[in-house]
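# dropping the sequence and predicted coords here.
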Amino acid sequence: MTDARSVEAGSLLSVRGLTKYFGSFAACNGIDLSIAPGEIHALLGENGAGKSTLVKMLFGVLQPNAGDIVWGGSSVSIGSPGEARALGIGMVFQHFSLFEALTVAENIALSLDPRIPLAKIAEEAASLSKAYGLPLDPNSHVADLSVGERQRIEIVRALLQNPKLIILDEPTSVLTPQEADRLFETLFKLKAEGRSVLYISHRLEEVQRICDRATVLRHGKVTGACDPKQETPASLARMMVGADVAAVHREEAPQLGDVLIEAKGLSVAARTPFAVALKNVSLTVRSGEVLAIAGVAGNGQGELFDALSGEYPVADDASVSIRGQAVGRTGINGRRLLGAGFVPEERHGHAAVSDMSLSDNLLLSRSRSDRKSFLSGGLLSVIRHDAIRETARRICGEMDVRKSGDDPNAASLSGGNLQKFIIGRELDRKPSVLIVNQPTWGVDAGAASRIRQALIDLARAGSAVIVISQDLDEIFEVATNIAVISEGKLSPSYPAGELSLERIGLLMGGIHDSTRHDQSAQAEAALAH
Amino acid sequence: MLEAILLTIITASTPLVIAAAGELVTERAGVLNLGVEGMMIMGAVCAFGAAHVTGYPVVGLVAGILGGALFSLLFGFLTLTLVANQVATGLALTLLGLGLSGQIGESFVGIPGVKLQPIVFPLLSDIPFVGPLLFRQDLTFYLSIALIIGVHWFLFKSRTGLKIRAIGDSHGSAHALGINVIRTRYLAVMFGGACAGLAGAQLSLVYTPQWVENMSAGRGWIALALVVFASWRPARVLAGGYIFGAVGILQLHAQAFGIGVPSQFLSMLPYAVTIVVLIIISHNRRTTLINTPACLGKPFVPDR
């Protein structure tokens, strides 16, 4: 911030020396930040860098231990989100603060003046959402909506309060490229209206594209302030991580071997009214191959993962096979015994039990497949804590998991570090088949690159890897082949080099071109079936 | 004969409906107060005492409401301020209420009570059959009907009701929106306590106008089951309350007629039906998601 004074003089919001302690740990330590009217300001940083803590203090959810917040020229203390809103600060949370049991209009009404009748709110929400290109039905229940639609509610809710500053926490992670473009248009519209945006993202390209200035945090401190358009993604990443982020390396022509996992005509009825039915899904993944499955959230990714992993076995035994063996009716442990490993989407409560230690979490997932090394005493199944802790330590070392203490609870790790542990837990077994759903969702750049490299290395060592992801950058980084899932139907898989971003966008929208002018894609499709 | 049976069913169902309506609001705010039985019996003893001392049964009603609400405040303090376990605290509240009311009411035993007289609507009450059933009832009956309509309107039409449902669905999100979770829950708990107290007052002023130790006789538990049976919808509380009340009364008549249904079976029926309803509603995930307060029984500590 070379001209900090002159910027601060006319700034909408400026923050000086803002500090927040949790116990003795300084989550934010002397943060300086200023946001000018009508600018899109990026807040960059790894997970655990203090971004969330900072914005929570700005929105009144947390109270700072020290420092000043100056809003429109006068010092303020923001005691609650209500006070923040009264000042003109709106917030779109990363973890949605929506009520599933309520309708869209009711959700929005909760953050507005109670004197405005619900019917009027519903009407305004519908028209505003249409005006900003984020269509919403105000009378539908949130429980029935997809992740992307839920985010629209958050954005519309913030906009309806007519804020001067709107804070967006990782807004594009659930959107298609086209939807993200529309969001950016919305942001530019807000900027043109003289509003400011504080934009938190890990996607450096995005920050470069739309943000006027950036403040970079690391370990609770500001490590840089810059104009992102003058920087390269690599230089921004360096400011975030404090070291160069390793670019992901991939061999150009991987050696493809035997088919290790295959699905043939896999159809699964929807289990709940909110689920998506899988329709005649076929895929083949060979040794050495990384098949990336792209798609917008809520198009059957979770259901496909459940069917392939055996979390919900399917009736037709032959529809899924691992290493040539039909496993459709086999459960998750049986599939693990065949050498498969699985990483589901949600870290907390699905991939890991938050309130249990890392070693306990390790045992929970591998008690069957690693019975010999983790349990002793035959039928008594006495837990061999030493061996398990040793393995947990090895995994943490291998994947560079940063943690407090020797064997902390899963909940105490930041998202990126826990994800590294969960992926490392599977990699440690050297699985011949690995299926991961959203491997780097909400994970910082350093951890994401580490995880992606690990997936590629696993395939190179002769395993078959399936990566289900909504992040197209990630998909192009790791994939040898790409398929797109849309409304429970999976497209044929295409070699990664032969698919353009536009083409994937169309496939994501469910538009499968029938002309098939692309000869090699056709050949690949024929091979896949 | 039929009219007499229906009259007793109405009198037996009214306290169930009142207590369940209050507990429904408490649970919609995400608080599971298992102390309904204790609050009800405290309401009963306070109501009896106040009516006995003043001679006015309406004063007794007010005393019952206040007694229940104050007693629920103890539950609120323990679970909301001190974040004690709600299930354990609720059970303790019931045991404490049963014991304490016995102590307070020791000198009331055997004293004839003051009965709350019916309100007779002129003309309307002369309609054959319907008149005596609907237009010659005491105040608590009319209150119970008004309560169901009021709670329905409050929860689903008013903004404060929306806040209560939001808190019950996700207290973390509600806090993030700036809703005062703890204060709202205190009020919801006290509303539940007031209703349980009113239900108790109905027992000692209308149903059997006297004081008998443990006179709530498990009605608090039936009210709790009723809330689940109704899947947290007020109108279903009314319907369910009358079904449960009717089962209890028919049990007495069946015995009188010498019909060979074991009384234990009939006493069990409300709970058995509740289990069946739970199985049915849990089968439909959407209904569960939309009606069951997701945060029910979970402690809330705001991160500051």
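On my side now, so go ahead. This one's a predicted model, so the numbers in the text were calculated from it and none came from an experiment.
# and the gap between residue A:257 and residue A:289?
According to C-beta to C-beta, to the nearest Å, residue A:257 and residue A:289 sit 9 Å apart. Bear in mind the C-beta positions are built from the backbone N, C-alpha and C, glycine included.
# those two: which is more packed in?
In terms of neighbours (other C-beta atoms under 10 Å in any protein chain shown), residue A:289 is the more surrounded of residue A:257 and residue A:289; the figures are 23 against 13.
# residues touching the residue nearest to the more buried one when sequence neighbours are not counted, list them.
What sits nearest to residue A:289 in space, not counting adjacent residues and going by C-beta to C-beta, 6 or more residues apart in numbering or on different chains, is residue A:480, at 5.1 Å. For residue A:480, the contacting residues are A:254, A:288-291, A:459, A:495-496, by C-beta atoms under 8 Å, 6 or more residues apart in numbering or on different chains.
# repeat that for residue A:139.
By C-beta under 8 Å, 6+ apart, the contact set of residue A:139 is A:103-105, A:122.
# repeat that for residue A:325.
When contacts are taken as C-beta under 8 Å, 6+ apart, residue A:325 is in contact with residue A:338.
# so residue B:117: helix, strand or coil?
On the three-state scheme (DSSP: H, G, I helix; E, B strand; the rest coil), residue B:117 is labelled coil.
# surely it and residue B:138 touch.
Yes - using C-beta atoms under 8 Å, residue B:117 is in contact with residue B:138, at 6.7 Å.
# with adjacent residues omitted, what lies nearest to the residue in the stretch 401-529 of chain A positioned nearest to chain B?
With C-beta to the nearest C-beta as the measure, the residue in the stretch 401-529 of chain A that lies nearest chain B is residue A:411; the distance is 13.2 Å. Once flanking residues are discounted, residue A:411 sits nearest to residue A:354: 3.9 Å by C-beta to C-beta, 6+ apart.
# ditto for residue A:89
Nearest non-adjacent residue to residue A:89, counting by C-beta to C-beta, 6+ apart: residue A:165, 5.0 Å away.
# tell me the contacts of the one you found?
When the contact criterion is C-beta under 8 Å, 6+ apart, the partners of residue A:165 are A:12-13, A:35, A:88-90, A:195-198.
# if we use 7 Å, what do you get?
Residue A:165 sits next to A:12-13, A:35, A:88-89, A:195-196, A:198 when contact means C-beta atoms under 7 Å, 6 or more residues apart in numbering or on different chains.
# repeat that for residue A:329.
By C-beta under 7 Å, 6+ apart, the contact list for residue A:329 reads A:313, A:317.
# which SSE is it in?
Following DSSP states H and E, there is no helix or strand that holds residue A:329.
# over to it: give its phi and psi.
Phi and psi for residue A:329, reported as degrees, to the nearest 10, are phi -100, psi 0.
# is it true that residue A:110 touches residue B:165?
No - under the criterion of C-beta atoms under 7 Å, residue A:110 is not in contact with residue B:165, lying 9.6 Å apart.
# look at those two and report which has more neighbours.
Using other C-beta under 10 Å, the more surrounded residue of residue A:110 and residue B:165 is residue A:110, with 25 against 22.
# now do that one against residue B:162, distance only.
The spacing between residue A:110 and residue B:162, counted by C-beta to C-beta, is 6 Å.
# check residue B:96 too.
When distance is defined by C-beta to C-beta, residue B:96 is 34 Å away from residue B:162.
# who has more neighbours out of these two?
Each of residue B:96 and residue B:162 has its neighbours counted (other C-beta under 10 Å); residue B:162 has more, 23 against 17.
# what's near enough to touch the more buried one?
In this structure, residue B:162 makes contact with A:106, A:109-110, judged by C-beta under 7 Å, 6+ apart.
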